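*Asks:* Output the structure for:
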Amino acid sequence: MKPVIEAIRIRRSLRSYTGEPLEDWQVDNLIKAFMYAPSAMNWRPCHLIVVRERETLQKLSKATPWAKMLERAGAGFVIVGDEQKSQWWIEDCSIACEHLWLEAADMGLGACWVQVRGVEGAEENIRNLLGIPEEMRVLSIMAVGVPKKTKPPHDESKIEKERLHFEKF
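*Replies:* Numbering: from 1, shown residues only. Predicted structure coming up:
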């Protein structure tokens, strides 16, 4: 297991996968990472739908213009929030999604965020495909898989110091 900063450093948006399914222990770790995330007031408005069936992944790959990588992903993780439960569902689900992404990076898997919320027709397509109740909102899908290729880790030379401020802007 790597230090957290190393998982952050190696986490990249990877969109090209071998098509191999994820192993059960990998899926279990990703679920735990998602579920261990904090939420405002500990209201826990986030739900996770794990999709491993190839046919469903194929359908999800057409749900938004940016979801094509799901065709070859080992799994798709659909992030759903209950906006009735918390006004901060977007933030809470985003944090949980990032936890999942960092765990994927730590395990040597590739992952990429697929935006759903705000993409015309995407949320309704996914809601119908996966039987998501009307009162729930779909934030995103995390495509996760064994990467065909990787990208170099982030390095300190890329830190833009002009975006860093202390005490005041």
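*Asks:* longest strand anywhere in the protein?
*Replies:* strand 136-145 (DSSP state E).
*Asks:* Tell me the secondary structure at residue 77.
*Replies:* Per DSSP: H, G, I helix; E, B strand; the rest coil, the local secondary structure of residue 77 is strand.
*Asks:* ok, now which ones touch it?
*Replies:* Going by CB atoms under 8 Å, 6 or more residues apart in numbering, residue 77 touches 30, 34, 48, 49, 50, 51, 97, 100, 141, 142, 144. No exception for glycine: its C-beta is placed from N, CA and C like everyone else's.
*Asks:* and the last one, what does it touch?
*Replies:* In other words, residue 144. Contacts of residue 144 were listed using CB under 8 Å, 6+ apart, and they are 22, 30, 73, 74, 75, 76, 77, 100, 104, 109, 110, 111.
*Asks:* what's the pLDDT at the nearest residue to it once chain neighbours are set aside?
*Replies:* Distance criterion CB to CB, 6 or more residues apart in numbering; nearest residue to residue 144, sequence neighbours excluded, is residue 111 at 4.6 Å. Looking at residue 111, its pLDDT is 98.
*Asks:* ok, now how distant is residue 51 from residue 106?
*Replies:* 21 Å (CB to CB, to the nearest Å).
*Asks:* follow-up on the earlier one: give me the beta-bridge partners of the residue nearest to residue 144?
*Replies:* residue 13, residue 144 (DSSP bridges).
*Asks:* Kindly report the same for residue 80.
*Replies:* Going by DSSP bridges, residue 80 forms beta bridges with residue 47, residue 138.
*Asks:* My guess is it contacts residue 141. True?
*Replies:* No. Assessed by CB atoms under 8 Å, residue 80 is found out of contact with residue 141, at 10.1 Å.
*Asks:* Who are the contact partners of residue 130?
*Replies:* Counting by CB under 8 Å, 6+ apart, residue 130 has contacts 49, 51, 56, 78.
*Asks:* ok, how many other residues are close to the last one?
*Replies:* Counted by other CB atoms under 10 Å, the residues lying close to residue 78 total 24.
*Asks:* Am I right that it is in contact with residue 48?
*Replies:* Yes. Contact status for residue 78 versus residue 48: in contact at 7.1 Å, counting by CB under 8 Å.
*Asks:* that older thread, quick check on the contacts of residue 77: which are buried?
*Replies:* 30, 34, 48, 49, 51, 97, 100, 141, 142, 144 (16 or more other CB atoms under 10 Å).
*Asks:* Check the average confidence over the longest helix seen in the chain, would you?
*Replies:* The longest helix of the chain (DSSP state H) is helix 89-106. Mean pLDDT, taken over the full extent of helix 89-106, equals 98.
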